[in-house]
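Student: Mind looking at a prediction? Sequence and model below.
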Amino acid sequence: MRAPVLVSAEDVCKRYEDMVVLDDIHLEIREGEFVALLGPSGSGKSTLLRIITGLMAPDAGSVRYRGQTVEGPCPHAAMVFQTFALYPWLTVQQNVEIGLKAAGLGAAARREKALRLIDLVGLDGFEGAYPKELSGGMRQRVGFARALAVEPELLCMDEPFSALDVLTAENLRSELLDLWADHRIPTRSVLMVTHGIEEAVFMADRIVVLSRNPARVVADLPIRLPRPRNRKQPQFLALVDRVYRILSDGDDAATESDAARDADAASGAPPAAPLPHAPIGMLSGLLELVSDRGGRDDLYRLGSELLLEVDDLLPITDAAELIDLAKVQEGDLCLTPLGRIFAEADVDQRKRLFAERIRTLPLFAVILRVLQGKRSHTMRREFFADLLAERFSEPEARAQLDTAISWGRYAELFAYDPAAEEFYLEEPAAATPGA
């Protein structure tokens with residue numbers, strides 16, 4: 001008999017201005033499950049987590065907790081944040097007690113429970129310390145103790161280990177799993193947002209994978225490996241590789257993005273499909289490495305060798321696919337004929353190839369058309385930022401322009417003066433866009 005459903009998301013949608021972030025999300029979490037939520041950077045994982053806990057309302061659909069619609073913060077859920085989120089003017093004990101105080105628990109009962117949890121997470125002796133006196137790992141232990149103090153049935157974690165060094169994060173993962181496996185915490189289920197594929201396979205009973213632009217559930221994988229798990233075990237490595245393939249291979253969303261990009265280029269509208277935030281040096285280096293290995297290599301192996309998490313590696317592969325230098329096939333990065341030429345070319349040839357590939361992308365076509373059309377061949381950054389703000393959030397609009405500036409300067413399509421915050425053409429006649 002299957003365990004009862006603790007929380008369910010049904011037809012959940014969320015949009016910011018004109019951008020759909022979450023689209024038709026269906027998700028169930030049952031008692032006794034440790035569920036990891038994976039997806040590319042910007043896919044809406046944290047947004048979905050906040051909707052499930054009631055910290056944010058969906059624009060459509062609903063979230064139910066034990067069959068009851070969640071309206072406002074769910075009293076049976078607690079959150080552990082990525083950035084510790086401790087009150088710096090309160091001691092460790094006071095930080096742990098704060099949720100208990102809000103729940104109306106008396107001082108003696110608060111103190112007893114807080115001290116027990118502080119001991120449980122390995123901070124005995126630091127009850128009177130302030131956050132500034134603690135290391136990152138110790139501060140996150142306080143975050144765990146504070147979340148567990150209210151005895152949540154559902155423990156939600158938003159990339160709880162990403163701000164920690166590798167050894168501290170590994171230690172905390174193992175300790176949390178021990179507490180979970182030994183039933184030493186009251187939590188019935190755990191929902192963790194992560195960008196680490198290995199972390200998800202190591203910790204979770206299920207991995208739910210989201211696509212991007214907009215986010216949809218594209219996979220729901222059970223992890224049946226016994227605990228404790230061995231990262232070098234063939235079955236473990238095979239699962240990691242499988243998740244890499246799911247995240248990196250194209251889906252219907254990619255086709256929709258391509259169609260949107262083509263429509264934008266034709267209309268001259270600000271682009272809806274974002275540029276991947278890939279540094280040129282990393283893109284060139286990755287293509288060179290794959291070229292030296294015969295033009296094809298496994299993405300999981302590449303990420304492990306280069307110490308890159310999936311959120312760092314996928315923008316580079318997305319950029320390579322966008323400009324037809326490589327394709328992702330069955331979890332492998334495969335160079336196209338043009339990609340092989342690029343990898344073996346000298347610096348000047350690479351710049352020319354790169355310029356030819358990006359000049360017709362919508363954002364670059366708009367920038368070049370505006371610069372070429374002005375008598376001074378200059379335009380303020382603010383103008384393009386306002387155009388992008390019609391399609392993207394303000395932070396993403398800034399990031400898109402920063403990426404465009406980096407790519408455009410490398411390709412010598414245009415120049416940029418950071419002091420004046422102006423785009424300009426150095427050779428206007430040669431820079432006429434083809435779009």
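Tutor: Perfect, I can see it now.
Student: what packs against the top helix by length along the chain?
Tutor: Taking DSSP state H as the assignment, the helix of the chain that covers the most residues is helix 394-411. Where contact means 3 or more Cβ pairs under 8 Å, 6 or more residues apart in numbering; DSSP states H and E, helix 394-411 is packed against helix 280-292, helix 347-358, helix 362-373, helix 381-388, strand 415-417. Every residue, glycine included, has its C-beta placed from N, CA and C.
Student: list the contacts for K351?
Tutor: K351 makes contacts with Y410, A411, E412, as judged by Cβ atoms under 8 Å, 6 or more residues apart in numbering.
Student: Oh, that last question was meant for I358, not what I typed.
Tutor: I323, F364, W407, G408, A411, L413.
Student: tell me the SS of the closest residue to L322 other than its chain neighbours?
Tutor: Spatial nearest neighbour of L322, excluding adjacent residues (Cβ to Cβ, 6 or more residues apart in numbering): P276 at 6.5 Å. Judged by DSSP: H, G, I helix; E, B strand; the rest coil, the three-state class of P276 is coil.
Student: One more: P226?
Tutor: coil.
Student: now do I207
Tutor: Assigned state for I207: strand (three-state reduction, three-state DSSP).
Student: so what's it scoring on pLDDT?
Tutor: As predicted, I207 sits at a pLDDT of 95.
Student: any idea how far it lies from Q82?
Tutor: With the distance defined as Cβ to Cβ, to the nearest Å, I207 ends up 19 Å from Q82.
Student: More neighbours: which of these two?
Tutor: Comparing I207 with Q82 by neighbour count (other Cβ atoms under 10 Å), the higher total belongs to I207, at 23 against 17.
Student: if I pick that one, what's in contact with it?
Tutor: V35, A36, L38, A200, V201, A219, D220, L221, I223, V243.
Student: ok, now I405?
Tutor: Contacts of I405 by Cβ under 8 Å, 6+ apart are Y416, F423.
Student: What segments of the stretch 151-300 of the chain are strands?
Tutor: Using DSSP state E, counting those that start in this stretch, the strands of the stretch 151-300 of the chain run over 154-158, 189-193, 206-210, 217-222, 296-298.
Student: mind listing what the shortest one pairs with, with the direction of each?
Tutor: Okay, so that is strand 296-298. Applying DSSP bridges, strand 296-298 is found paired with strand 332-335 (antiparallel).
Student: Which residues does the partner strand contact?
Tutor: 286-287, 290-291, 295-299, 302, 317, 320, 325-328, 343.
Student: I only care about those that end up buried; give me the PyMOL line for that.
Tutor: Selection of buried members from the contacts of strand 332-335 for PyMOL, criterion 16 or more other Cβ atoms under 10 Å:
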select buried, resi 286+287+290+291+295+297+298+299+302+317+320+325+326+327+328+343
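Student: Quick check: can you list the domain ranges of this structure?
Tutor: Structurally, the chain divides into domains by automatic domain parsing as follows: 5-248, 276-357, 361-435.
Student: just to revisit the earlier point, looking at the contacts of I207, which are in helices?
Tutor: Filtering these for helices - DSSP H - leaves A200, V201, V243.
Student: any low-confidence regions in this structure?
Tutor: 17-18, 249-273, 428-435 (pLDDT under 70).
Student: Now do the contacts for R111.
Tutor: Q93, E97.
Student: distance of it from F236?
Tutor: 43 Å.
Student: Over to H195?
Tutor: Taken as Cβ to Cβ, the span from H195 to F236 is 18 Å.
Student: Okay then, goodbye and thanks.
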